[in-house]
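>>> quick one, structure for this:
(one chain, ligands or ions: 2)
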Amino acid sequence: MPKVLVSDSIDQAGLDILSQVAQVDVKTGLSPDELAAIISDYDALMIRSGTRVTKAVIEAGKQLKIIGRAGVGVDNVDVPMATRRGIVVVNSPEGNTIAAAEHALAMMLALSRHIAAADQSVKAGQWNRKQFTGVEVYKKTLGVVGLGKIGSHVANVGRALGMNLLAYDPFISSERADQLGCRLVDLDLLLREADYVSLHVPKMPETMHLINEQTLAIMKPTARLINCSRGGVIDEIALANALKQGQIAGAALDVYEEEPLGNSPLKQLDKNVILTPHLGASTEEAQVNVATDVAEQIRDVLLGLPARSAVNIPGLRAEVLDKLRPYLQLSETLGNLVGQLAGGRVESLSVRLQGDIANHDSQPIMIAALKGLLSHALQERVNYVNASIEAKERGIHVVETRDAAVKDYTGSLQLMAKGSLGEHSVTGVLLGGDEIRITDIDEFPINVPPTRYMLFTLHRDMPGIIGKIGSLLGSFNVNIASMQVGRKIVRGDAVMVLSIDDPLPEGILSEITKVPGIRDAYTVSL
Ligand SMILES: NC(=O)c1ccc[n+]([C@@H]2O[C@H](COP(=O)([O-])OP(=O)(O)OC[C@H]3O[C@@H](n4cnc5c(N)ncnc54)[C@H](O)[C@@H]3O)[C@@H](O)[C@H]2O)c1
Ligand SMILES: O=C(O)[C@H](O)COP(=O)(O)O
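Ligands and ions are numbered 1, 2, ... in the order given. Okay, here's the model as predicted:
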């Protein structure tokens, strides 16, 4: 019988499902070292946010087939490492949406009426009514940052409470925002105008310290900030200072840069601050939802069936998956690349399957392209199951064409996307069956493998330009791993593709575009 280790508190409904097919051991409160020491016996691991599944844990999990996250965020799991080791990582993308949204709304109302502080004072024997005069949310402006699943529900309820709605989400169409009654604005305007700012974004480099000393300084002194998304989105030291200086009126936090929350200055603030210990998903209903959702997937994978909500591989039968895997990787990589080149708000994606690739089932390849396209915005929340729905909700128009007659390599895939940075196309092929090569960018021929950090320029083909870019990057201590130029005619337009060892530091891209002859420059991380 396979063995499942459950290392966080999981609802009994999930344990009952697992017990039908496996021996289930519940051991909570393990450190990564303790987990690494015992994981080698187990076929599956079921967790919440309390367990850190590090590289060392995954390496030690010699028999691990699946890691099930009973919740949404998998930022506590080394997913790339699990993928490399062929371990399926599944989550429950929607099981706790309502719970998290309701927690944010409860925080907003509790903050407005000083519920937590007033409760403490009554229990301490006081009857102080004047000190706890609150404010109404009716007719106030709610600014939702991140209009995804949770943000959308918060917006819907906010509207029902009679609030005016602003939203900031660089990956949502204005049609979707309109449907939710939100005015889509930039972050600056949202922060300047909102009476309540509620954060619902994933944790990623772009959202790290999104709320910091500068952004707090532009908020209204009467504004209240709510974070039930992820720790790290707010600079907590800057927030504590802003609250002490009366720059904003209050804050309610459920998530922190370090959990459990240590010796934070936020703990010294009273009436205007509410702190909860990552309770967003902690409702009876959500815990049953996520536990059953993830336990069923673990059960299915242990029985050799596909998982419906895999973060790192599609929910396909193993035989089909084995054949398609290289094409899916090609499609996802090209989707990610063209999505970043086209910019955040992608309106359309065309996928052209050429040569042998056109003879395969195109649906998973299309889904992989969409997963790649959305992955920069949605991170682990987009998977092979929800990529099409997410694209539809974002109003992305998808077109597929096939041309089996083309006979280059063993087949190629061309993706074209139109977004806020314009229309861009990329073509890729598989060398030797599984090695990805990008063979074309915006119809300029190149031949480069995709790498973690890349820089693309569109420029005039003229002497000296490559040297200038090289020196400029050198002056910012950016190391170039490889470089290639593609052009159609001599001294016409050309593209330059550089692989760089680290992310491009801020500000360099605008310096590059100032170099004479450079028409445009883009940086992507894959
Ligand atoms: N407190 C809790 O217990 C709890 C429970 C569930 C989820 N969460 C967290 O809540 C957050 C939202 O979850 P969700 O299910 O709504 O996810 P989602 O993927 O449905 O929505 C996230 C939204 O953020 C947007 N976004 C991405 N980058 C952005 C940026 N730079 N600026 C503004 N918007 C950006 C995306 O376009 C997307 O619409 C996640 O961080 C999740 O981990 C917390
Ligand atoms: O990402 C999530 O699902 C939430 O942060 C909930 O985390 P939890 O399962 O530890 O409550």
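
>>> contacts only, for the closest residue to ligand 2 within the stretch 101-250 of the chain.
Closest approach between the stretch 101-250 of the chain and ligand 2, counting by C-beta to the nearest ligand atom: residue 230, at 7.3 Å. Glycine gets a C-beta too; all of them are placed from N, C-alpha and C. Neighbour list for residue 230: 73, 75, 201, 202, 203, 207, 255 [criterion: C-beta atoms under 8 Å, 6 or more residues apart in numbering].

>>> measure the first one to ligand 1 for me?
Plainly put, residue 73 is 3 Å away from ligand 1 if you go by C-beta to the nearest ligand atom, to the nearest Å.

>>> how about the second one?
From residue 75 across to ligand 1, the span is 7 Å (C-beta to the nearest ligand atom).

>>> give me the low-pLDDT residue ranges for the chain?
84, 86, 313-322, 380-381, 383-386, 406-410 (pLDDT under 70).

>>> what about the residue in it positioned nearest to ligand 1, distance to residue 367?
Nearest to ligand 1 in the chain, going by C-beta to the nearest ligand atom, is residue 148, at a distance of 1.7 Å. For residue 148, the distance to residue 367 (C-beta to C-beta, to the nearest Å) stands at 19 Å.

>>> ok, residue 19 next?
Taking C-beta to C-beta, one finds residue 19 at 33 Å from residue 367.

>>> over to residue 41?
Relative to residue 367, and taking C-beta to C-beta, residue 41 is found at 35 Å.

>>> looking at the two, which one has more neighbours?
Neighbours were counted for residue 41 and for residue 367 using other C-beta atoms under 10 Å; residue 367 has more, 24 against 12.

>>> list the helices and strands the strand or helix carrying that one packs on?
Applying DSSP states H and E as the criterion places residue 367 in helix 362-378. Under the contact definition 3 or more C-beta pairs under 8 Å, 6 or more residues apart in numbering; DSSP states H and E, helix 362-378 sits against helix 318-342, strand 348-354, helix 387-393, strand 397-403, strand 412-419.

>>> the longest one and ligand 1, are they touching?
No. With C-beta under 6 Å from any ligand atom as the threshold, helix 318-342 lies outside contact range of ligand 1, at a closest distance of 11.9 Å.

>>> that helix to strand 348-354, inter-axis angle?
130 degrees (axes from the mean of the first three to the mean of the last three C-alpha atoms, to 10 degrees).

>>> what of the last one?
Regarding strand 412-419 and strand 348-354, their directions subtend 170 degrees when assessed with the same axes, to 10 degrees.

>>> from the chain's centre, how far out does strand 412-419 sit?
Centre-to-centre, strand 412-419 and its host chain are 22 Å apart (C-alpha atoms, centre = their mean, to the nearest Å).

>>> what is the burial count for residue 164?
That count, for residue 164 with other C-beta under 10 Å as the rule, works out to 17.

>>> what's it in contact with, if anything?
Taking C-beta under 8 Å, 6+ apart as the criterion, residue 164 is in contact with 139, 140, 141, 142.

>>> pretty sure the last one is touching residue 157, no?
To tie it back to what came earlier, the one meant is residue 142. No. Contact criterion C-beta atoms under 8 Å: residue 142 and residue 157 do not qualify, at 9.4 Å.

>>> between the two, who's got more neighbours?
residue 142 (26 against 17).

>>> a helix runs through the more buried one, doesn't it?
No. Assigned with DSSP: H, G, I helix; E, B strand; the rest coil, residue 142 falls outside any helix and is strand.

>>> residue of the stretch 1-150 of the chain nearest ligand 2, please.
Using C-beta to the nearest ligand atom, residue 71 is the residue of the stretch 1-150 of the chain that sits closest to ligand 2, at 2.6 Å.

>>> next, that residue: phi, psi?
phi 160, psi -160 (degrees, to the nearest 10).

>>> burial measure for it, as a count.
For residue 71, the neighbour count with other C-beta under 10 Å is 27.
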